[in-house]
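After the sequence you'll find the predicted model.
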Amino acid sequence: MTDFPAVKQRVIVVDFGAQYGQLIARRVRDLKVYSEIVPFDIDLDLLRSDLPAAIILSGGPASVYAEGAPELQRGLLELGVPVLGFCYGMQAMAAALGGTVPQTDVGEYGPAELTRCAGDSILGSISTKAPPGSEAETDVHHPSVHAPHPIPSALLGDTPLTQTVWMSHRDSVGAVPEGFTVTASTPTTPIASMEDPVRQLYATQFHPEVHHTTHGNQMLAHFLFDIAQLTPDWTMESVADEIIAAVRAQVGDNRVILGLSGGVDSSVVAALLAHAIGKQVTCVFVNTGLLRKNEPEEVEAVFSRQFDVDFVHAHAEARYATALAGVKDPEQKRRIIGSEFWRVFFEEAQKLEQDGKPVRWLAQGTIYPDVIESGAYRDEKVSTGGGATTGSRAAATIKSHHNLIPFPEGVHFDLIEPLRNLFKDEVRALGLALGLPDHIVHRQPFPGPGLAVRIIGDVTPERLEMLRNADAIVRQEIDAYNEQLFVETGKRDSDRSVWQYFAVLPDIRSVGVMGDERTYAHPIIIRAVESRDAMTADWAKLPYEVLARMSSRIVAEVEGINRVAYDITSKPPGTIEWE
Ligand code: XMP
């Protein structure tokens, strides 16, 4: 199997169970340097054979001397590359090299004022006390806070003498290891940062990756560019080139199949594969009949005209209608929709192979948060920059995916996951760089089971039609509202912009009056929420005019609807979807 070229410069974030682990990698990438997360017990031989350009040790919830605490492998500090430790990472560094980390009863949480050490006064110039009344009211040594010139620090560089930093710790370093200099302190934490420029080891008790640390980004930049001498060249264009080259090397002249849903991730995979291998990839779009108005046509237009791939539109609307007839239970709906999808997909794959050319690869839109959250990164040991994965490195991940995909007897594909090292907004940026239209790249989340979980009770073609038409109106009106917010604020994700919005058709009817006639028809429920990640959400405080327009249009334009309600439940306690 062909291996992937590693990115030239890779910064690894060693994960000690940090609350902010992903955030560190994000911040580094925002500075245009590729970064990835590795477990604290990573195999050092693998790292030696594929040396990172720099290492960041994350924070973590444990005490360094606690039983079962994730141990820092001393060898990580001896690879000859610059290392920067945050919080637990700093304490672990100190403990590994002969410093001390006394257990204290005084933690420090939230913003703190950091003062850089002055001149040549390394600890001991002034004796101060912890805040009166605190349990730690003992003498602590504290550097002079008034000296105008801080001692030189490559990490703190040109940041101010005093500045706000974000702290979240209980223990802290009591004595630095030999060779280290203390560079800053806070009233509670005398050793708030330290460095040994000879061994290129740096550490902060505070969290530079958190935006409350006002000069945190500057410090990270000092570490990456002044200390590690990296070049900020990890751009979406370079990522696209790298992944395309990696895919070509991996796939060779074999055939690839992709289940294209029209969602952001699978669309970006399709666009990448189109650039990398053109007609060697077949994109199978399974039309369940459960998609939103005009969606199948839009997907087909993009992938049959704009991109040079083999596009198969599998019309499965009738099959789905039959399979779902009479099914009311939401979980059963989901199961039927999922298993029917794979049945249609594999039938299409088998049809393709009738020309005698086998399909070797199955492409998937797995992204980095999926990899991290499933713990799969722990099995990768060393991963590749920005590209897809090789079989050997991600064996465990591939296995778990295979467990989820119901391969028919005798069918086997190898997985290719070109987005598995990218965060969601990087996937969007990549999509734009590859020329995908905005309406796909910035598409709102849409559940796999589609409109079926937005129809309470029976899913019939008539009810689907009603919901699709009402939903189209909701989307038109809220799209327009979001656009107006964008014009006003210049931001696509302003506090007021609506994140997900759709119509729901409940299984009830109510009376109404239209013209001279009484009606007995269905209501539509509008759901519109503000959220960042779907974990929590609040109902959108839409202007009355927008609500009024949706209501009058839905009742006037959608046959079978005589009433409109707005769902004003946050998540929790509600969920975003109704089923
Ligand atoms: P809930 O309803 O749990 O939804 O608050 C959170 C987010 O997940 C989406 N969602 C789904 N996505 N398959 C999916 O791919 C599903 O079965 C599913 N159910 C909910 C939902 O749209 C929201 O963005």
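Thanks, I have the structure now.

Following element in sequence after the lengthiest helix in the chain, please.
In the chain, with assignment by DSSP state H, the single longest helix is helix 461-489. Counting by DSSP states H and E, the next helix or strand C-terminal to helix 461-489 is strand 500-504.

So Leu542 sits against Val498, correct?
Yes - between Leu542 and Val498 there is a contact at 7.3 Å, judged by C-beta atoms under 8 Å. Yep, even glycine has a C-beta here, placed from its N, CA and C like the rest.

Mind listing the shared neighbours of these two?
When C-beta atoms under 8 Å, 6 or more residues apart in numbering defines a contact, the residues bordering Leu542 and Val498 alike are 478, 481, 528.

Now do the SS call for the last one.
Classification of Ala528 by DSSP: H, G, I helix; E, B strand; the rest coil places it in strand.

Mind putting the shared contacts of Leu542 and Val498 into a markdown table with neighbour count and pLDDT?
Converted to a markdown table, the shared contacts of Leu542 and Val498 look like this (neighbours: other C-beta atoms under 10 Å; pLDDT from 0 to 100):
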| residue | neighbour count | pLDDT |
| --- | --- | --- |
| Ile478 | 22 | 97 |
| Tyr481 | 22 | 97 |
| Ala528 | 26 | 98 |
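
which bits of the stretch 301-450 of the chain sit near the ligand?
Residues of the stretch 301-450 of the chain lying close to the ligand (C-beta under 6 Å from any ligand atom) are 334, 445, 447-449.

Are any of these buried, and if so which?
Buried by 16 or more other C-beta atoms under 10 Å: 334, 447, 449, out of those.

I'd say the last one and Arg334 touch.
Yes - here Pro449 lies in contact with Arg334, judged by C-beta under 8 Å, at a distance of 5.1 Å.

Just the pLDDT at the residue in the stretch 101-250 of the chain that the ligand sits nearest to, thanks.
For the stretch 101-250 of the chain and the ligand, the shortest gap (C-beta to the nearest ligand atom) falls at Ile243, measuring 23.9 Å. pLDDT, Ile243: 95.

Check the gap between it and Val268 for me.
In this view, Ile243 and Val268 are 10 Å apart by C-beta to C-beta, to the nearest Å.

Same check on Ala154?
According to C-beta to C-beta, Ala154 and Val268 sit 38 Å apart.

out of those two, which sits in the busier spot?
Higher neighbour count among Ala154 and Val268: Val268, with 29 against 16, using other C-beta atoms under 10 Å.

Next one: the more buried one from Cys117, what distance?
Distance from Val268 to Cys117, by C-beta to C-beta: 48 Å.

Please apply the same query to Asp458.
72 Å.

Neighbour count: the two, which is higher?
Set side by side, Asp458 and Cys117 show more neighbours around Cys117, with 29 against 14, by other C-beta under 10 Å.

Once you drop chain neighbours, what's closest to Pro408?
Spatial nearest neighbour of Pro408, excluding adjacent residues (C-beta to C-beta, 6 or more residues apart in numbering): Phe346 at 5.3 Å.

domain ranges for this structure?
Split into domains by automatic domain parsing, the chain comes to 10-227, 236-441, 454-566.
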